[in-house]
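Enquirer: just to be clear, the model below is a prediction. Sequence and coordinates:
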Amino acid sequence: MNETGDHTPAVQRRMIRYGDFVREVNLHHRRLSFNRLTPAGERRGDGSYRPYAPERLRLDVFEVSRLVGPYSATRFLEQTRAVAPLAAYLALFQLLILRAAVADSWTITLGLFAAIVGLMLFMEGLRLGLMPFGEAIGNNLPRKSPLWLVLTIAMLLGIGVTFAEPAIGALQTVGTIVDVHKAPYLWLLLNERAGALVLAVGAGVGLAAVLGTLRFLQGWSLKPFIYLSVVPTLLLTAVLHFDDDLRVVIGLAWDCGAVTTGPVTVPLVLSLGIGIAAAAGKGNSSLSGFGIVTLASLFPIIAVMLLAVHVASGTGPDDIIAAAEAAQRTAAPGWWTFSPAAEIIGGVRAIVPLVVFLYLVFGLILKERLREADIVLFGLVLCVLGMIVFNLGLTYGLAKLGAQSGGIIPAAFAPVDGLDASPMYGFVLGILIAMVFAWVLGFFATMAEPALNALGMTVEDLTAGAFKKRNLMLAVSIGVGVGITVGVLKIVFEIPLGYLLVPGYTLAAILSWLSNEEFVNIAWDSAGVTTGPVTVPLVLAMGLGFGNAVSAIEGFGILSMASISPIVAVLGTGLWVQRRARLRTDEPPRSPRLAGNPS
């Protein structure tokens, strides 16, 4: 009997989040057999059943163009909207405010066009070629393999996808701008040890994939991971800060954390992690997709700083400078180091090893046959071709325009070689112009990010409308604008980056402790959606060009400030949303008042 004395079975009650309830009741599924949509098969002479197989369509060139044309135009316009406004803003600011013509304008225009076409081909190839691999492995691997093997593959996948990121090539491109005499260790990591640098970044992403997957399985909170990641990162930053030779590597290390969360790393690693959680019956949480992006931003920072410490323990600055000068005098660069051979080799080297690894996992471990192999193969060809074309656009368009704009903007407040009219304004007014330029660039570039729009819709659904999409987009965009502005001021006044990062991440950790789990996940992952394959090369090249123009030792650090600022902004907005919700809940109900009756 229950407590009331009758024999009615007691009802067990379970508390659930209101956001989860709304999400579940809004999902309606209706199962329909595919056999009802296709004609019936036929029986062969031997009694076997032959299912219905539609005839292969035969289209002429005109019909293919009518089908492919609108689709390609739509994809081309998507990438144009990401590239053209930023390029137009940089060019117009240079022409109208600084009164300086854009050098090599036709080369830059063709380079930007190549970047648009390359991104279009690469993103389409990613959808048709790489993503089917990632989704199939994420769904099948956890069911057919032990956990240790799954986590090992997740680690290797994190390394592989890092090499395939379009923005990772920007690090090697900007490495040619660094002066070995001013920053020997920075030059060494970006040139002679560029492969080791990318490998260290990939190892950080792989470790993030492993821990993020374990977090999905165990249902752990993200907050302890943040504290355990931020503390050693800041301690290593302090160690490098007090070393005069290694201090210049801090900006590179923190900027590497922003480069990793691109269009290849996030979907592939995330699909594997969520697939593992779903196979274990723990993939239905509304927060299943959050956390890996955060860890994939922090762990590469630690890896790069450890690599710098290791390199410094065996090589001195004078040795690096002497070796660089000797190499310039004696070594004749090979044909593979010149364009376009360098871009072609880089595109093939970025995609093909990852594809081979995924195919081996799919065939040898899962023992599966890839469905629609011809479409997947076509997508992989598009990936390689798109990466090659994008690398050409990066060399002749994005990096060239960013370096040129960054080198000319200081003419507003300081003398710049080659510009006789510099400085064009007084120091205070010129600094204000540079700050406005940086803020507008960061704000509107972030507002135009498609990934931010998608994140905003996800957050609004997750919080049942408490955190509006517009509020999130404004908080992230304002934060990025402030971060890029602070990064520019850091270069102009040569402020040590540690003085900015330690207070910023300490404040973020305190705000995380005060916030609930949902807002912590949202805020820390929001930094990852602000650094796309277009923004990263532009900002990196602009920062280094800016640094060279004002004779700064290095120009890194803008991306790192553009990452911490939106975290703080979103956490602050989240606390405001929480406070408003509490006030609304605690507010006493108003008594109804009849019309004409004041009582």
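Expert: Nice, I can see it.

Enquirer: CA only for contacts and neighbour counts going forward, please
Expert: OK.

Enquirer: look up how far T315 lies from D245.
Expert: Distance of D245 to T315, computed by C-alpha to C-alpha, to the nearest Å: 11 Å.

Enquirer: if you count what's nearby, which of these two comes out ahead?
Expert: D245 (17 against 11; other C-alpha atoms under 10 Å).

Enquirer: what is the burial count for L500?
Expert: The burial count for L500: 17, using other C-alpha under 10 Å.

Enquirer: helix or strand for it, which one?
Expert: Secondary structure assignment for L500, by DSSP states H and E: helix 497-514.

Enquirer: next, the buried residues of that helix.
Expert: By neighbour count on 16 or more other C-alpha atoms under 10 Å, the buried set for helix 497-514 is 497-498, 500-502, 504-505, 507-509, 511-512.

Enquirer: swap in stretch 458-476?
Expert: 458-464, 466-469, 471-476.

Enquirer: now the helices for the stretch 351-500 of the chain?
Expert: Counting by DSSP state H, counting those that start in this stretch, the stretch 351-500 of the chain has helices at residues 373-393, 399-408, 427-447, 450-462, 469-492, 497-514.

Enquirer: need the ones you listed in a markdown table with mean pLDDT, can you?
Expert: Shown next, in a markdown table, are those (pLDDT from 0 to 100):
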| stretch | mean pLDDT |
| --- | --- |
| helix 373-393 | 88 |
| helix 399-408 | 86 |
| helix 427-447 | 89 |
| helix 450-462 | 75 |
| helix 469-492 | 89 |
| helix 497-514 | 91 |
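
Enquirer: wait, which of these is closest to G134?
Expert: helix 373-393 (11.8 Å; C-alpha to C-alpha).

Enquirer: and for the closest one, what's in contact with it?
Expert: Applying C-alpha atoms under 8 Å, 6 or more residues apart in numbering, the set of residues contacting helix 373-393 from outside is 110-130, 132, 166, 169, 339-340, 343-344, 346-348, 351-352, 355.

Enquirer: burial check on the residue nearest to V536 when sequence neighbours are not counted, number of neighbours?
Expert: Leaving aside its sequence neighbours, V536 sits nearest to A167 (C-alpha to C-alpha, 6 or more residues apart in numbering; 6.3 Å). With neighbours defined by other C-alpha under 10 Å, the count for A167 comes to 26.

Enquirer: avg pLDDT for stretch 32-41?
Expert: Computed over stretch 32-41, the mean pLDDT rounds to 74.

Enquirer: what's the end-to-end length of that stretch?
Expert: End-to-end distance of stretch 32-41 (C-alpha to C-alpha): 18 Å.

Enquirer: in it, what counts as buried?
Expert: Within stretch 32-41, no residue counts as buried by 16+ other C-alpha under 10 Å.

Enquirer: any residues touching that stretch, and which ones?
Expert: Residues from elsewhere that reach stretch 32-41, judged by C-alpha under 8 Å, 6+ apart: 49-52.

Enquirer: hang on, the earlier thing: distance to G557 for the buried residues of helix 497-514 - can I get that in TSV?
Expert: Shown next, in TSV, are the buried residues of helix 497-514 (distance: C-alpha to C-alpha, whole Å):
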residue	distance to G557
L497	7
G498	10
L500	10
L501	10
V502	13
G504	13
Y505	14
L507	18
A508	18
A509	20
L511	23
S512	23
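
Enquirer: which one of those residues is nearest K367?
Expert: S512 (43.9 Å).

Enquirer: quick one: contacts for the closest one?
Expert: By C-alpha under 8 Å, 6+ apart, S512 lies in contact with 223, 520, 571.

Enquirer: what do you get for E343?
Expert: Neighbouring residues of E343 by C-alpha under 8 Å, 6+ apart: 388-389, 391-392.

Enquirer: what pLDDT does it get?
Expert: The model reports E343 with a pLDDT of 81.

Enquirer: quick check: it vs E192, distance?
Expert: Note on E343: its distance to E192, by C-alpha to C-alpha, is 18 Å.

Enquirer: now the helix or strand where V68 lies against helix 399-408, angle please.
Expert: Per DSSP H and E: V68 is located in helix 61-92. Orientation check (axes from the mean of the first three to the mean of the last three C-alpha atoms, to 10 degrees): helix 61-92 against helix 399-408 gives 10 degrees.

Enquirer: packing partners of helix 61-92?
Expert: Applying 3 or more C-alpha pairs under 8 Å, 6 or more residues apart in numbering; DSSP states H and E, we find helix 61-92 packed against helix 105-125, helix 399-408, helix 427-447.

Enquirer: which residues of the stretch 151-300 of the chain score low on pLDDT?
Expert: For the stretch 151-300 of the chain, the stretches with pLDDT under 70 are 172-173, 176, 266-267, 270-289.

Enquirer: can you give me the helices in it?
Expert: Along the stretch 151-300 of the chain, counting by DSSP H, counting those that start in this stretch, helices occupy 168-174, 184-190, 194-218, 222-241, 249-259, 265-279, 292-314.

Enquirer: pipe those into CSV and attach distance to I408 per row.
Expert: Below are those laid out as CSV (distance: least, C-alpha to C-alpha, whole Å):
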stretch, distance to I408
helix 168-174, 17
helix 184-190, 23
helix 194-218, 28
helix 222-241, 29
helix 249-259, 22
helix 265-279, 34
helix 292-314, 30
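
Enquirer: any idea how far V355 is from V384?
Expert: 10 Å.

Enquirer: for L306, that is, sorry about that
Expert: Note on L306: its distance to V355, by C-alpha to C-alpha, is 29 Å.

Enquirer: got it, and V361?
Expert: From V361 to V355 the distance is 10 Å (C-alpha to C-alpha).

Enquirer: just to revisit the earlier point, what's the most buried one of the helices and strands packed on helix 61-92?
Expert: Using mean count of other C-alpha atoms under 10 Å, the stretch among these with the largest mean neighbour count is helix 399-408, at a mean of 26.

Enquirer: who are the packing partners of it?
Expert: Short answer (3+ C-alpha pairs under 8 Å, 6+ apart): helix 399-408 packs on helix 61-92, helix 168-174, helix 535-549.

Enquirer: Y396 touches G111, doesn't it?
Expert: Yes: with contacts counted by C-alpha atoms under 8 Å, Y396 reaches G111, the gap being 4.7 Å.

Enquirer: centroid residue for the protein?
Expert: Central residue of the chain (C-alpha atoms, centre = their mean): T261, 2.7 Å from the mean position.

Enquirer: now that one. Nearest residue, chain neighbours left out?
Expert: Going by C-alpha to C-alpha, 6+ apart, T261 has G528 as its nearest residue, at 5.5 Å.

Enquirer: the one you found contacts S563, correct?
Expert: Yes: assessed by C-alpha under 8 Å, G528 is found in contact with S563 at 7.4 Å.

Enquirer: the more surrounded of these two?
Expert: S563 (29 against 25).

Enquirer: can you pull the pLDDT of the more buried one?
Expert: Note on S563: pLDDT of 88.

Enquirer: now it: how far from N471?
Expert: In this view, S563 and N471 are 18 Å apart by C-alpha to C-alpha.

Enquirer: again, but for M542
Expert: Counting by C-alpha to C-alpha, the gap from M542 to N471 is 29 Å.

Enquirer: just to revisit the earlier point, tell me the contacts of the residue nearest to V536?
Expert: 259, 262, 532-534, 536-537.

Enquirer: again, only this time at 10 Å
Expert: If you count contacts by C-alpha atoms under 10 Å, 6 or more residues apart in numbering, A167 has them with 258-263, 390-391, 394, 531-537.

Enquirer: ok, now I153?
Expert: 137, 141, 147, 159, 206, 209-210, 272, 357-358, 361.

Enquirer: for these, which one is nearest S405?
Expert: I159 (33.0 Å).

Enquirer: surely the closest one touches L197?
Expert: No: if you go by C-alpha atoms under 10 Å, I159 and L197 don't touch, sitting 11.5 Å apart.

Enquirer: identify the contacts common to these two.
Expert: A203.

Enquirer: for stretch 445-452, give me every contacting residue.
Expert: With contact meaning C-alpha under 10 Å, 6+ apart, stretch 445-452 is reached by 78, 81-83, 85-86, 263, 439-440, 453, 456, 458, 469-470, 472-474, 476-481, 526-532, 534-535.
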